[in-house]
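Enquirer: any chance you can model this:
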Amino acid sequence: MCGEMSSEDSYKNWMGDLRPELTRIPLCSLAIPGSHDSGAYWLDRGGGIAEDEPSVVRTLATRCCCGISIVYRWSLTQHLSVKGQLEHGVRYLDLRLCGRPGSPDVYVTHGLYGHRLKDILVEVSEFLEENPKEFLILDFNHFYNMTSVDHREVLILIISAFREKILGGDSPNLAGKMTLEEIWKTPARMIVFYGHPSRNEFSFFWSREYIQSPWANTDNSSALVNFHERNYNQNARRGAGEFYVWQGVLTPSAKTIITNICSSVESKLVPRANPAFLGWLKNKVPSHVGINICCVDFVEKYNFVPNVLSLNKHIQV
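Expert: Numbering: from 1, shown residues only. Okay, here's the model as predicted:
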């Protein structure tokens, strides 16, 4: 039963192993584990500060003898590779892209440059080939130092990598009714959200009109819980025609970093964020106005995946 698996390997195929009645539930009403800043599991300490950081941070970090190390510790958000995250049960990937000066490629980024996007897509493709009943949600939502030409090349790269595995459509009717039972009758195994107008040139990609991802923007765990509690009780979701991401993450303020200069996201924020978020989730219900995608930093910690999947035992259509 979903949420009652004991082996980590079980999560590789949790969608394929769902009870039949849950495969007839719209995906936007299922509890789905996701990762925050999915590509920030490896960051290049020798490549300079990335373009997603403000210029003042880039200047200070390059002039400070330990600046790169500080940025690295406060930018790393995952340990598992993208494929490792997917094998661990993650089905939503939060991917942030950046053009890198002097390189023809686009990279994932978070403070520093990560892997090339094309290498990340290889990991995703390998996972889908090995686990043909799983369905992924790729969310490209932040872009830095990219031209319209760069965007077009990225979109073509994604199409070339997956082709018929991408579920196009971009309509509230389809989003609200999309079920695994129906998807398995097609070659499609992913939906791709792309938050730039260049996506309009192609029919493969969805706009962010069909996914909400509110951000608490706090480093206080009580404020994080209160933020989600308000949204949950006030039915912040627009309705059945959308996906919704509940972000269980704390964001360091400048003061937090300065006063904890030798600490990190993992040691300073995650021990407060993940337990608080999972505690809040415990009695919540998946539905088209309730819990859907849940994402955190360091997805392998605090039994995040089994805790999210266990919510599907209480699902409401």
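Enquirer: any buried residues in the helix or strand where Tyr72 lies, and which?
Expert: When secondary structure is defined by DSSP states H and E, Tyr72 falls within helix 67-75. By 16 or more other CB atoms under 10 Å, the buried positions in helix 67-75 come out as Gly67, Ile68, Ile70, Val71, Tyr72, Arg73, Trp74, Ser75. C-beta coordinates here come from the backbone N, C-alpha and C atoms, glycine included.
Enquirer: what's that helix packed up against?
Expert: helix 55-63, strand 112-116 (3 or more CB pairs under 8 Å, 6 or more residues apart in numbering; DSSP states H and E).
Enquirer: could you tell me the least trusted of the ones you listed?
Expert: Sorting the helices and strands packed on helix 67-75 by mean pLDDT places helix 55-63 lowest, at a mean of 59.
Enquirer: do a quick rundown of the strands in the stretch 201-317 of the chain.
Expert: Per DSSP state E, counting those that start in this stretch, the stretch 201-317 of the chain carries strands over the ranges 211-212, 243-247, 293-296.
Enquirer: re the thing from before, so the helix holding Tyr72 versus strand 112-116, what angle?
Expert: The directions of helix 67-75 and strand 112-116 differ by 70 degrees, with axes from the mean of the first three to the mean of the last three CA atoms, to 10 degrees as the criterion.
Enquirer: contacts for the helix or strand just after helix 67-75, please.
Expert: In the C-terminal direction, the helix or strand that comes right after helix 67-75 (DSSP H and E) is helix 82-87. Residues lying outside helix 82-87 but in contact with it, judged by CB atoms under 8 Å, 6 or more residues apart in numbering, are 8-9, 11-12, 35, 38-39, 41, 78, 93, 120, 123-124, 126-127, 131, 134, 136, 299.
Enquirer: CA atoms of helix 82-87 as PDB?
Expert: Only the C-alpha atoms of helix 82-87 are listed here, as PDB (Å, rounded to 0.1, in the frame of the first residue of the first chain):
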ATOM      1  CA  VAL A  82      18.400  13.900 -10.000                       C
ATOM      2  CA  LYS A  83      18.200  10.200 -10.800                       C
ATOM      3  CA  GLY A  84      18.800   9.400  -7.200                       C
ATOM      4  CA  GLN A  85      15.900  11.700  -6.200                       C
ATOM      5  CA  LEU A  86      13.600  10.000  -8.700                       C
ATOM      6  CA  GLU A  87      14.600   6.500  -7.400                       C
END
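Enquirer: pLDDT of that helix, averaged?
Expert: Taken as a whole, helix 82-87 has a mean pLDDT of 98.
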